[in-house]
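[1] Everything below, folded, please.
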Amino acid sequence: MKKLSRGAYEDTKGLVRAAETLLEVVVMTLLYYAAFRKGYDLAYFAYKGKYVLMGIYAVLLYVFFLNSDCTLFGELHMADLMIGQIISLFVVNLITYFQLCLIANAMISAVPVLLLFLAEILAAWLLVFVYTELYYKMYVPHDMLLVFGTKRGIGLKIKMDSRRDKYNISKLISIDEGLEAVCQEARKHDAVILTDIPAQMRNDILKYCYRYRIRTYVAPKLTDIMLRGAKNNTLFDTPLLMVKSTGLSPMQRVIKRTMDLVLCGIAMIPAAPIMAVVALAIKLEDGGPVFYRQKRLTRGGREFEILKFRSMIVDAEKYAGAVLASEDDPRITKVGKVIRAMRLDELPQLLNILKGDMSIVGPRPERKCLADEISKDIPEFAYRLKVRGGLTGYAQIYGKYNTSAYDKLRLDMMYIENYSPLLDIKLIILTLRIIFTKESTEGIDVAKKNEEQVDELYQELEQQEHPDGDA
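    Predicted coordinates for the structure are as follows:
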């Protein structure tokens, strides 16, 4: 199949993906209808009622698919797509099973629903495979220009090089080369990436790219993120953006707290036996305490005692101090390696949420000593304290264990400034997916390797600009 050109596929990519998603939902709904018809004899739906059930099933599945990011064919890895789809199918089928039980006014057999689930997994794998292959055959990675201001900006290339199937950064240019040189180079590429450059220069380049229809990616500054959450003020003929600077509104806090209590109460039902097993395993391994208690910061800078299952040896920080764990850290116990990989060490924080110290979704609560240390270089790090700390959140899902403090701050600010109950639900669904992925648990040793690659690339660029060694 011939690959589409620079602009042709971009104009239709969203439409193609929407059609693929709808087709998959139709296939799953037809499988549901077959399981319903063959597996159950419900006289209530001998006529039109079965179509109402099919419609409800299709809508539920479509909503869960969209909110678990499992239809981003070609963008996410197949494993991530399949994990998201399996979780979505499981939840929707569970809801549907109890729906059918209510209709029948009895606990009906779950066998047809289980067989449906297995059939849907097979169909999902086949469709995801076909859609992903179709994406790669149709989509040509952009030939991209990275415009950077400091050495830190080069780090973005290292990250994007991990997805060469989607991004091809063929050239890097420093903003020190001047606006004219950057604009001339931009015309030679399909897309431009702007990262870590002065605001005025960035605005000039962005306007130039907008004028000539050059696709532009911008690494946002904190002020950009604040403006994303601003409210439009159209009382005058001069448009205004109002930045509240208060975090969540009182009504949003009430809604969020209510969701925390309801969802956390429901989560405690399956979590309780798991917590009992983990607690027993920790106690049997070395006889030490089950829980690890530590002072953390939450909304308004208030300190509270966070609860976690102990995953390290007793008094692990007695000599090393407050140091982030690295991969294969000798302080981590055997049970600790398992529960950290599966995020089970975080389960006791459900008690913190019920108490009101934390929320299900929010910035990760940080230790005061580390927060103070980070704030010396990034004073804005305290902005995260406009909301309660969370068990999961934007930075935990879209970041990695080695994500820089500044990038974590940007991710958390994106959550705070764009908060909605639907966003919380989406992030909770995505949290289930990352439990099964190793990428987000990469240790700080990977971060050191990335820093070395940035240093090497920066030195190479310096050598190209000054081949005689004259700076």
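[2] Please work out how many residues are found near residue 280.
    By other C-beta atoms under 10 Å, 12 other residues sit near residue 280. In short, each C-beta sits where N, CA and C put it, glycine included.
[3] Show me where this protein dips below the pLDDT cut-off.
    1-11, 41-48, 316-328, 401, 436-471 (pLDDT under 70).
[4] which one's the longest helix in it?
    helix 250-286 (DSSP state H).
[5] quick one: the strands in the protein?
    Secondary structure of the chain (DSSP state E): strands located at 142-148, 167-174, 191-195, 215-218, 231-233, 240-242, 291-297, 303-309, 358-361, 389-392.
[6] Residue 98 is nearest to which of those strands?
    strand 358-361 (22.5 Å; C-beta to C-beta).
[7] Residues contacting the closest one, please?
    Residues from elsewhere that reach strand 358-361 (C-beta atoms under 8 Å, 6 or more residues apart in numbering): 256-257, 259-260, 263-264, 298, 304, 306, 349, 352-353, 365, 387-393, 415, 423-424, 427-428.
[8] How far away from the center of its chain is it?
    16 Å (C-alpha atoms, centre = their mean, to the nearest Å).
[9] same deal with stretch 106-114?
    With C-alpha atoms, centre = their mean, you get 34 Å for stretch 106-114.
[10] outside of it, which residues touch it?
    Here stretch 106-114 makes contact (C-beta under 8 Å, 6+ apart) with 35, 36, 38, 39, 40, 93, 96, 97, 100, 101.
[11] Tell me, how many residues neighbour the fifth one?
    Using other C-beta under 10 Å, the number of residues around residue 40 comes to 15.
[12] do the third one as well
    Here the number of neighbours of residue 38 (other C-beta under 10 Å) works out to 11.
[13] hmm, back to that, possible to save the strands of the chain as JSON lines with mean neighbour count and distance to residue 19?
    Converted to JSON lines, the strands of the chain look like this (neighbours: other C-beta atoms under 10 Å; distance: least, C-beta to C-beta, whole Å):
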{"stretch": "strand 142-148", "mean neighbour count": "22", "distance to residue 19": "23"}
{"stretch": "strand 167-174", "mean neighbour count": "18", "distance to residue 19": "25"}
{"stretch": "strand 191-195", "mean neighbour count": "23", "distance to residue 19": "25"}
{"stretch": "strand 215-218", "mean neighbour count": "16", "distance to residue 19": "23"}
{"stretch": "strand 231-233", "mean neighbour count": "9", "distance to residue 19": "33"}
{"stretch": "strand 240-242", "mean neighbour count": "11", "distance to residue 19": "36"}
{"stretch": "strand 291-297", "mean neighbour count": "17", "distance to residue 19": "46"}
{"stretch": "strand 303-309", "mean neighbour count": "18", "distance to residue 19": "45"}
{"stretch": "strand 358-361", "mean neighbour count": "26", "distance to residue 19": "32"}
{"stretch": "strand 389-392", "mean neighbour count": "24", "distance to residue 19": "32"}
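[14] Mind putting those into a markdown table with distance to residue 78?
    What follows is these, written out as a markdown table (distance: least, C-beta to C-beta, whole Å):
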| stretch | distance to residue 78 |
| --- | --- |
| strand 142-148 | 22 |
| strand 167-174 | 18 |
| strand 191-195 | 25 |
| strand 215-218 | 24 |
| strand 231-233 | 40 |
| strand 240-242 | 40 |
| strand 291-297 | 36 |
| strand 303-309 | 32 |
| strand 358-361 | 27 |
| strand 389-392 | 24 |
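[15] Please report phi then psi for the residue nearest to residue 143 when sequence neighbours are not counted.
    Spatial nearest neighbour of residue 143, excluding adjacent residues (C-beta to C-beta, 6 or more residues apart in numbering): residue 190 at 4.7 Å. Main-chain dihedrals, residue 190, degrees, to the nearest 10: phi -80, psi -30.
[16] just checking, residue 190 touches residue 167?
    No. Judged on C-beta atoms under 8 Å, residue 190 makes no contact with residue 167 at a distance of 10.5 Å.
[17] Name the residues contacting each of those two.
    Common neighbours of residue 190 and residue 167 (C-beta under 8 Å, 6+ apart) are 142, 144.
[18] Break down the stretch 301-450 of the chain into its helices, ranges please.
    Ranges of helices in the stretch 301-450 of the chain, per DSSP state H, counting those that start in this stretch, are 317-320, 334-341, 349-355, 368-377, 394-398, 405-417, 421-434, 444-465.
[19] returning to what we had before: of the contacts of stretch 106-114, which pair is most distant in space?
    38 and 101, at 17.9 Å, using C-beta to C-beta across those.
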